[in-house]
Structure formats: structure tokens, C-alpha cells
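**Q** quick one, what's the 3D model for this:
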Amino acid sequence: MIQLQNITKSYGTLTVLHDISLTIPERQIMTIVGPSGAGKTTLLQIAGSLDRPDSGSVFFDNTDIFKLKDRKLSEFRNLNIGFVFQFHQLLPEFSAQENVAMPALIAGKSKKEAFAEAKRLLTDLGLADRLDHKPTELSGGERQRAAIARALINNPQIVFADEPTGSLDSRNRDDIKNIIASLRDSLGQTFVIVTHDPEMTSISDTIVTMADGRIVS
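**A** Next comes the predicted model:
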């Protein structure tokens, strides 16, 4: 599905990724683990097209995404990739439904269609009574569920998640873990997750371990 080939990335004199190649299988959960500074988040950002490598390629099917012009790359990202971050990144002035609908509106869907799909996703994730609530009116777990709904709104090929349970208590961590596992099982959704949470690795199909900018297992 997705192949990273010979990815190298440096910041100044510091090389954070050393010639990494990785295949991300379809309809699975892959977790990337390792100590802080191993290069996990940098690898995730490059795989998700948020950052460009110094050398190497990222292929989605047969598309070398970094050969796309910036506008085409942004369009490709919006339609094919979802993101969930440690901190939800919901826009504070908008409701949960508005936040979730936004990527669909950017993709050109009508307001009616985008809001209907946002409502469906939020309802499926247990937030039917929180549609009109702004992020400050939601609990941490509810905000992260809304962030997952937003990542799914355009039916992406893959969702990249960077420490999605890192800011949550144990009960909400379990909820998010179970939601991600159920999305893989029921929808065949592909996830790549950077995590320090051992409970997240328990639902993984593949665990990739990094150290010092390299994949070690």
C-alpha cells in the first residue's frame, strides 16, 4: 500500500533518519516505538507528507507523492490521509460537528453532505449529544474521539496518529485504543501510530522499533 524507500532526513548537522525503508501494509495497525529522539515523529511526518525528506521516496500505490507540486500534494493529503495528534488540534471557535466537517468542506463537499457525514461519525464514536459543543466543553477523551472522526471524514487510505493517547487518563486511553481496533476490524482502516503506550502495541499487527534514526526491528 505505502512504501518508504531510503528515507534520509537531517536538521543542520544532525541526521535524524538514516536511509530508512519501510512497507506499511493495508488494513492493519502498525505501531512505531522507541526512545525519545529515535526519529519516530519525523518518520511519521514524512510518511504523511507533512515534511519532505532530504532524499528517498514515499509511494502511495504507484504515486511518488513528493514529485507532486505543493497544491496537488495538499489535495492528495486531504483526500487520502488522516491525522490524529497527541493534542487534538480542534479549532476552539467551532463546534465538534463543524471541526469534523471541515476537511470534507475543503475537499469540495456540500455543507449538507459534510455535516451529515460528520454527524454520522460523531454518533458512531459516542458523541451524538456533543455535536454542538465546542472543544472547551468536551472532555479529553471526547476531544480525541472528535479528532478521530475528523481524520476519518474523507475516508482516507490511512490514518497517522502521533501519541494519540499520550494526554489521556487510563480510562480514556482504553476507549481510544478500543475505537482504533474496532475501526480496523469493522472498516479495514489502516493506522500507523507512534506511541510510548504499551497498551497501544497490544492491538498492533506490526510493531516497528526505532533507535538513533534507524529501524532496529
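
**Q** could you tell me the per-residue confidence at Ser186?
**A** For Ser186, the pLDDT comes out at 90.

**Q** cool, and the one 3 residues further on?
**A** With respect to pLDDT, Gln189 has a value of 94.

**Q** tell me how far it lies from Glu26.
**A** When distances are taken as Cβ to Cβ, to the nearest Å, Gln189 and Glu26 turn out to be 10 Å apart. From N, CA and C alone the C-beta is placed, and that goes for glycine too.

**Q** who has more neighbours, those two?
**A** Taking neighbours as other Cβ atoms under 10 Å, Gln189 and Glu26 compare with Gln189 leading, 23 against 11.

**Q** the more buried one touches Arg27, doesn't it?
**A** Yes - counting by Cβ atoms under 8 Å, Gln189 does reach Arg27; the two are 7.4 Å apart.

**Q** where do the helices sit along this structure?
**A** Along the chain, counting by DSSP state H, helices occupy 40-47, 70-80, 96-106, 111-124, 140-152, 170-187, 198-201.

**Q** among the ones you listed, which is nearest His88?
**A** Ranking the helices of the chain by proximity to His88 (Cβ to Cβ) places helix 140-152 first, at 4.2 Å.

**Q** for that closest one, buried residues please.
**A** Going by neighbour count (16 or more other Cβ atoms under 10 Å), the buried part of helix 140-152 is 141-152.

**Q** just stretch 153-173 next, same as before
**A** Taking 16+ other Cβ under 10 Å as the neighbour-count basis, stretch 153-173 is seen to contain the buried residues 153-154, 156-166, 168, 172-173.

**Q** how long is it end to end?
**A** Taking Cα to Cα, to the nearest Å, stretch 153-173 runs 22 Å from one end to the other.

**Q** from Ser202, how far off is the residue positioned nearest the centre of the chain?
**A** When Cα atoms, centre = their mean is applied to the chain, the residue found nearest the centroid is Phe160 (2.3 Å). Summarising the geometry, the distance separating Phe160 from Ser202, computed by Cβ to Cβ, is 19 Å.

**Q** what does Gln86 give?
**A** Gln86 is 19 Å from Ser202, where distance means Cβ to Cβ.

**Q** looking at the two, which is more packed in?
**A** The neighbour count for Gln86 versus Ser202, taken as other Cβ under 10 Å, is higher for Gln86 (18 against 11).

**Q** wait, that one sits on Arg173?
**A** No - if you go by Cβ under 8 Å, Gln86 and Arg173 don't touch, sitting 11.8 Å apart.
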